[in-house]
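**Student:** okay, predicted coordinates and the sequence, questions at the end:
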Amino acid sequence: MKRPLLFIPLALFMVLVAVFFVQLGNNADGDDPTKLESVLVGKTVPEFRLEDLAEAGKLYDQSVFHGQPLLLNVWATWCPTCYAEHSFLNELAGDGVKIIGLNYKDDRVKAIGWLNQLGNPYLISLFDGNGMLGLDLGVYGAPETFLIDANGTIRYRHAGDVNTRNWEDTLKPIYDQMLAEAQG
């Protein structure tokens, strides 16, 4: 009578394994795990007032995102993946891609030193020391990059590093479309 009870835990384990495999299979159909849906896609950048990273007291607001398509790159010196993507961001900026940096929950002195040492790809570097703009944007962590059109509307959100592959495959086509819309 006790023997059939031994199979109940095994059966439950097998059901659990099957559920895990089904869930893994759901992501294997081409979904990009770095694409985070955001309630802000299609909406304008939230209102803010932040200081310039290098010039304390110099304030910016959401108007910096109007007039031309650009990338908003969320980064920090404590983020190893940010370090990995930084040279590619410098290349993009050298190719004329407009990038605004959002230094997120970081030490200001370390961040300035980082840009002085590794190069500065940013037109403007915003200092979000307490992370409030990041919170308003729904940032999970650094790096994250938002594509923002000339009207200040968030068009796409990318979690993780920006590299040659995801730039060419995903981000550049959206950026080029935003450029075409701004010109015509």
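**Tutor:** Received it, and whenever you're ready, just let me know what you need. Numbers count the residues shown, from 1 in each chain.
**Student:** my guess is Leu92 contacts Trp167. True?
**Tutor:** Yes: with contact defined as Cβ atoms under 8 Å, Leu92 reaches Trp167; the gap is 7.2 Å. In this view, the C-beta of every residue, glycine as well, is placed from N, C-alpha and C.
**Student:** can you tell me the SS state at Asn103?
**Tutor:** Three-state call for Asn103 (DSSP: H, G, I helix; E, B strand; the rest coil): strand.
**Student:** who touches it in this structure?
**Tutor:** Leu53, Trp75, Ala76, Ala111, Ser125, Leu126, Phe127, Asp128, Gly129 (Cβ atoms under 8 Å, 6 or more residues apart in numbering).
**Student:** among those residues, which two are most distant?
**Tutor:** Taking Cβ to Cβ as the measure, the contacts of Asn103 reach their widest spread between Trp75 and Gly129, a distance of 13.3 Å.
**Student:** local confidence estimate at the residue nearest to the spatial centre of the chain?
**Tutor:** The central residue of the chain, meaning the one whose C-alpha is nearest the mean C-alpha position (Cα atoms, centre = their mean), is Glu144 at 1.4 Å. pLDDT, the model's per-residue confidence, is 97 for Glu144.
**Student:** what about it, distance to Tyr83?
**Tutor:** 15 Å (Cβ to Cβ, to the nearest Å).
**Student:** now do Tyr156
**Tutor:** Taken as Cβ to Cβ, the span from Tyr156 to Tyr83 is 23 Å.
**Student:** who has more neighbours out of these two?
**Tutor:** More crowded of Tyr156 and Tyr83, by other Cβ atoms under 10 Å: Tyr156, with 19 against 16.
**Student:** hmm, the more buried one is touching Leu147, no?
**Tutor:** Yes: taking contact to mean Cβ under 8 Å, the distance of 4.2 Å between Tyr156 and Leu147 places them in contact.
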